[in-house]
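Participant: Sequence first, then the predicted structure, then my questions.
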Amino acid sequence: MQKCFSLFYVFAKIGLFTLGGGYAMLPLMEQELVDKRKWLTRADFLDTVALAQAAPGIMAANVAILVGYRRARTWGSICAISGAVLPSFVIILLIAVFFRAYQDNPIVNRLFKGIRPAVVALIAVPVFRLAKTANIGWKTVWIPVAVALLVWLLNVSPVYIILVAGIGGYWYAARRESK
């Protein structure tokens with residue numbers, strides 16, 4: 001029961017104090033799960049994020065489910081996902097109720113415009129940390145750049161990129177083992 005409460009508390013705290021969605025949650029998740037609680041190593045965190053991204057659904061929720069399951073099986077997943085989703089649900093519900101009255105307010109508009117650059121920075125930090133953990137260096141940096149350009153400029157579906165990357169990774173590892 002203690003593990004479930006801890007999972008709920010950690011993910012509720014992450015969900016409550018993160019603006020910008022799943023990727024903006026990554027620095028807080030990394031700090032809580034790897035640095036502070038030591039529930040995961042950096043490599044495990046990277047693998048968990050990669051698996052969460054590949055699975056259907058909300059990435060942050062998938063991370064919560066995977067970490068919860070690892071810590072306390074089914075009940076751990078339930079507690080972690082509840083903690084991750086509940087703050088956002090309540091906040092969105094409150095915004096929906098009150099935003100209509102204030103949506104044209106210039107102060108509210110300025111606040112949202114001020115939050116945007118901060119959210120971009122919060123997303124950029126985990127990208128660089130994950131790249132470092134994934135051993136992306138000067139020799140391999142072309143891969144994420146090429147993928148970003150394929151998605152952005154040519155509108156290639158990320159599904160195809162994930163499939164090609166998975167097949168390529170399997171082929172590369174099999175070829176390397178045979179040598």
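Facilitator: It's in.
Participant: Could you use CA atoms for every contact and neighbour count after this?
Facilitator: Noted.
Participant: check contacts around Arg176.
Facilitator: Under the criterion of Cα atoms under 8 Å, 6 or more residues apart in numbering, the contact list for Arg176 is empty.
Participant: what about it, distance to Tyr170?
Facilitator: Arg176 sits 10 Å away from Tyr170, taking Cα to Cα, to the nearest Å as the criterion.
Participant: Following element in sequence after the lengthiest helix in the chain, please.
Facilitator: The helix that spans the most residues within the chain, counting by DSSP state H, is helix 59-102. In the C-terminal direction, the helix or strand that comes right after helix 59-102 (DSSP states H and E) is helix 106-133.
Participant: Which elements pack onto that next one?
Facilitator: When contacts are defined as 3 or more Cα pairs under 8 Å, 6 or more residues apart in numbering; DSSP states H and E, helix 106-133 packs onto helix 22-30, helix 42-54.
Participant: if I pick Leu33, what's in contact with it?
Facilitator: For Leu33, the residues meeting the contact criterion (Cα under 8 Å, 6+ apart) are 39-40, 45.
Participant: Quick one: neighbours of Val141, just the number.
Facilitator: The number of residues packed near Val141 is 12, by other Cα atoms under 10 Å.
Participant: what are the phi and psi angles of it?
Facilitator: In this entry, Val141 is assigned phi and psi values of phi -60, psi -20 (degrees, to the nearest 10).
Participant: circling back to that earlier point, out of the helices and strands packed on helix 106-133, which one sits most buried?
Facilitator: helix 22-30 (a mean of 22; mean count of other Cα atoms under 10 Å).
Participant: For it, what is the distance to the chain centroid?
Facilitator: Relative to the centre of its chain, helix 22-30 is centred 6 Å away, using Cα atoms, centre = their mean, to the nearest Å.
Participant: Looking at the contacts of Leu33, which is nearest Leu111?
Facilitator: Proximity to Leu111 was ranked across the contacts of Leu33 by Cα to Cα; first place goes to Phe45, at 32.7 Å.
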